[in-house]
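# coordinates for the following, if possible.
(one chain, ligands or ions: 1)
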Amino acid sequence: MIGERLTTTPKNYAYLKIAEGCDRPCSFCAIPLMRGKHKSTPIENLVIEAEKLAANGVKELVLIAQDLTYYGLDIYKKRNLAELLEALVKVEGIEWIRLHYAFPTGFPMDVLDVMKREPKICNYIDIPLQHISDKILKSMRRGTTQVKTTKLLKDFRAAVPEMTIRTTLIVGYPGETEEDYQTLKAWVEAMRFERLGCFTYSHEENTHAFNLEDDVPEEVKMARANEIMEIQSQISWELNQAKIGETFKVVIDRKEGEYFVGRTEFDSPDVDNEVLINASKTYLKTGEFATVKVTEAADFDLYAEVV
Ligand code: SF4
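Coordinates of the predicted model:
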């Protein structure tokens with residue numbers, strides 16, 4: 001029933017599913033078969049759900065869908081994510097709204113105007129790009145190319161310069177040659193994503209790619225994924241070093257050992273960086289926001305003190 005959902009996450013944030021299913025043809029993915037076609041939840045229902053969540057103490061909405069980019073096309077006959085965001089920012093008590101799982105093809109650029117204009121919309125986007133070699137993108141049936149994807153990222157950064165971009169990649173897809181992998185590696189080095197996860201391809205039954213030969217040996221897949229993550233660790237370390245001395249608003253998710261563990265608007269729960277604040281020096285309340293200054297930075301996490 002609308003708005004009657006239970007929150008299984010800590011009280012300060014909740015996932016808000018804005019659509020179910022997916023209409024894309026990605027070759028490696030069984031979700032469209034399992035979950036059916038894309039079905040957007042109407043804006044008014046989502047607003048009611050957000051209001052109930054806010055009344056229960058939720059301050060951050062993590063919007064999820066298999067494909068955020070497609071939101072609205074089925075029920076409104078147009079891409080309507082920007083309008084949904086405009087409605088959700090009006091919900092009292094909600095302070096942060098973040099976006100997970102945008103598909104690169106047909107991304108509605110008006111969302112970036114809302115992100116820039118509305119302080120409640122986190123300057124953050126999760127856009128799984130999977131690969132960058134044109135040959136692999138074509139076989140994956142992603143409907144895009146290296147040139148188009150790189151332009152999209154540049155447009156994102158031009159529209160919202162402070163935006164953190166998260167992506168996920170797959171290595172070891174059928175037919176991925178050393179050359180394809182080197183193309184991906186060079187692109188990861190050049191793009192300097194703020195957040196990145198790299199996974200090895202897994203050959204799933206009932207997917208289009210299952211008809212292809214799973215021909216990249218497991219150890220090669222692993223080595224490629226590890227190398228991409230090593231490159232990313234270095235990039236993340238460099239980006240984090242630049243934050244020393246800077247001040248951020250963080251939400252405190254929990255206390256763990258000697259630290260309060262917080263996140264900035266640039267970090268999603270569970271997958272991104274955390275901000276650790278020494279609990280012996282300060283008392284902070286879980287679920288509340290605090291302003292902190294970064295004192296130290298590791299590969300993925302920041303250390304900070306309250307200002
Ligand atoms: S990978 Fe994502 S966009 Fe592609 S079919 Fe699966 S759920 Fe849809």
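
# okay, buried residues for the helix or strand Trp187 falls within please.
In the assignment (DSSP states H and E), Trp187 maps to helix 178-191. Buried residues in helix 178-191, defined by neighbour count with 16 or more other C-beta atoms under 10 Å: Asp180, Tyr181, Thr183, Leu184, Lys185, Trp187, Val188, Met191. C-beta coordinates here come from the backbone N, C-alpha and C atoms, glycine included.

# repeat for stretch 34-44
Within stretch 34-44, the residues scored as buried using 16+ other C-beta under 10 Å are His38, Ser40, Thr41, Ile43.

# can you check stretch 245-262 too?
Phe248, Val250, Val251, Ile252, Asp253, Tyr259, Phe260, Val261, Gly262.

# so the fourth one touches Thr291, yeah?
So the one you mean is Ile252. No. The criterion here is C-beta atoms under 8 Å, and Ile252 misses it with Thr291 at 11.6 Å.

# which ones are touching the residue lying closest to Asp253 once chain neighbours are set aside?
Among residues not flanking Asp253 along the chain, Val261 sits closest, at 5.4 Å (C-beta to C-beta, 6 or more residues apart in numbering). Shown in contact with Val261 (C-beta atoms under 8 Å, 6 or more residues apart in numbering): Ile252, Asp253, Arg254, Lys255, Glu274, Val275, Leu276, Ile277.

# quick check: Val261 vs Val292, distance?
Between Val261 and Val292 the computed distance is 12 Å (C-beta to C-beta, to the nearest Å).

# count the residues that sit near the residue of the stretch 101-250 of the chain found nearest the ligand.
Minimum separation of the stretch 101-250 of the chain from the ligand (C-beta to the nearest ligand atom) falls at Phe103, amounting to 5.0 Å. For Phe103, the neighbour count with other C-beta atoms under 10 Å is 22.

# could you pull out the strands for the stretch 1-150 of the chain?
For the stretch 1-150 of the chain, the strands defined by DSSP state E, counting those that start in this stretch occupy 13-17, 19-20, 39-40, 60-64, 96-100, 121-126.

# how about the first one: buried residues?
Spelled out, it's strand 13-17. Neighbour counts over strand 13-17 (16+ other C-beta under 10 Å) mark Tyr13, Ala14, Tyr15, Leu16 as buried.

# closest one to the ligand out of the residues you listed, please.
Nearest to the ligand, judged by C-beta to the nearest ligand atom, of the buried residues of strand 13-17 is Tyr15 at 15.9 Å.

# and Lys281, what does it touch?
Contacts of Lys281 were listed using C-beta under 8 Å, 6+ apart, and they are Glu305, Val306.

# show me what the residue nearest to the spatial centre of the chain is bridged to.
The centroid of the chain falls nearest to Asp126 when counting by C-alpha atoms, centre = their mean (2.5 Å). Beta bridges link Asp126 to His100, Arg166, judged by DSSP bridges.
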